[in-house]
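**Student:** The following comprises the amino acid sequence and a computationally predicted model.
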Amino acid sequence: MPVKRRIRWEGSYYFHETVLPEMDYSINPYFGCEIGCRYCYSIYYFKVRKIGYRWGEYVEAKYYLPRLLARNLNRFKRGAVIGIGTYSDPYQPWEKELKLTRRILKILRRRRDLHLSIQTRYPLILRDMDLILSGPSDVGSSIPSLEKRFGEVFEPLVPSPEARLKMLGRFVDEGVETWLYIAPVIPRINDDPSMFEELVSMAKDIGINTVYTDVVRFRIGVKKYFMEALERYDPSLIPFFKELGRRELYSLYNERVKIFREIADRIGIKYIDAAPMMFRD
Ligand code: SF4
């Protein structure tokens, strides 16, 4: 779905402390994401702010951020880990033209002690390799599924899994710590242990340090988009997801986590179930 509205936004907030795993603060150069994945938990923030566009059609660039960060750099505690792109992709297509994320990284690098933890699905991040290598950092990406049909329906604008792995491989080659987020895990769609095993083996072969999983978050607004996509993906699953409550969702996921852990141990890669560390919906 093409983006319909892009706004250069002059707002007031710039970073906040976060409960996300292994991070102290999070910074998102953009609000909204023109990639528009049909399971994205950030749809919730669209709902909260009552944005009158469909998810994927609207994005705000926080144009004021570099200026505010430059003025307030000393507010980050010493050695803090700053997550970049926790709620929207910092290298989504508009970034190519705006270079907003790049400007933000440049400013953050004035503090040599800050660790930057960057998450993206777009190889455009390779443009900023110089800044990433100039201080403590790690880079991650998410691949929920290797299935072509899943990609076409649930994340049609995302580069292929192979492109995402290749991108991470470039960081491995440069000695940057890398991680793969195999998420969101959605029962009966992408929770097959054999696919997890294939993904983990690919990650291991490339030299990725850690794999994470997390369960799908059907927060307010998300399920509507998910169900629309499900209609195209496999309508026979609609009754199952209509009935699926949170308790059952978590129980199905937790059963899988035990198997995922055994697989990751066998392959010899660090595995972290991120669900207990993340916010609960
Ligand atoms: S790329 Fe990430 S932030 Fe953007 S829509 Fe997809 S899951 Fe959400």
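**Tutor:** Ah, there it is.
**Student:** Could you use CA atoms for every contact and neighbour count after this?
**Tutor:** Fine.
**Student:** in stretch 48-68, what counts as buried?
**Tutor:** Of the residues in stretch 48-68, Trp55, Gly56, Glu57, Tyr58, Val59, Glu60, Ala61, Lys62, Tyr63, Tyr64, Leu65, Pro66 count as buried by neighbour count, 16 or more other CA atoms under 10 Å.
**Student:** Let me fix that, I meant to ask about stretch 158-171.
**Tutor:** Taking 16+ other CA under 10 Å as the neighbour-count basis, stretch 158-171 is seen to contain the buried residues Val158, Ser160, Pro161, Arg164, Leu165, Met167, Leu168, Gly169, Arg170, Phe171.
**Student:** With secondary structure and pLDDT as extra columns, can I get those residues in JSON lines?
**Tutor:** Below are those laid out as JSON lines (DSSP: H, G, I helix; E, B strand; the rest coil; pLDDT from 0 to 100):
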{"residue": "Val158", "secondary structure": "coil", "pLDDT": "96"}
{"residue": "Ser160", "secondary structure": "coil", "pLDDT": "96"}
{"residue": "Pro161", "secondary structure": "helix", "pLDDT": "97"}
{"residue": "Arg164", "secondary structure": "helix", "pLDDT": "98"}
{"residue": "Leu165", "secondary structure": "helix", "pLDDT": "98"}
{"residue": "Met167", "secondary structure": "helix", "pLDDT": "98"}
{"residue": "Leu168", "secondary structure": "helix", "pLDDT": "98"}
{"residue": "Gly169", "secondary structure": "helix", "pLDDT": "98"}
{"residue": "Arg170", "secondary structure": "helix", "pLDDT": "98"}
{"residue": "Phe171", "secondary structure": "helix", "pLDDT": "98"}
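**Student:** from those residues, which is closest to the ligand?
**Tutor:** Compare each of the buried residues of stretch 158-171 with the ligand using CA to the nearest ligand atom and the shortest gap goes to Val158, at 6.8 Å.
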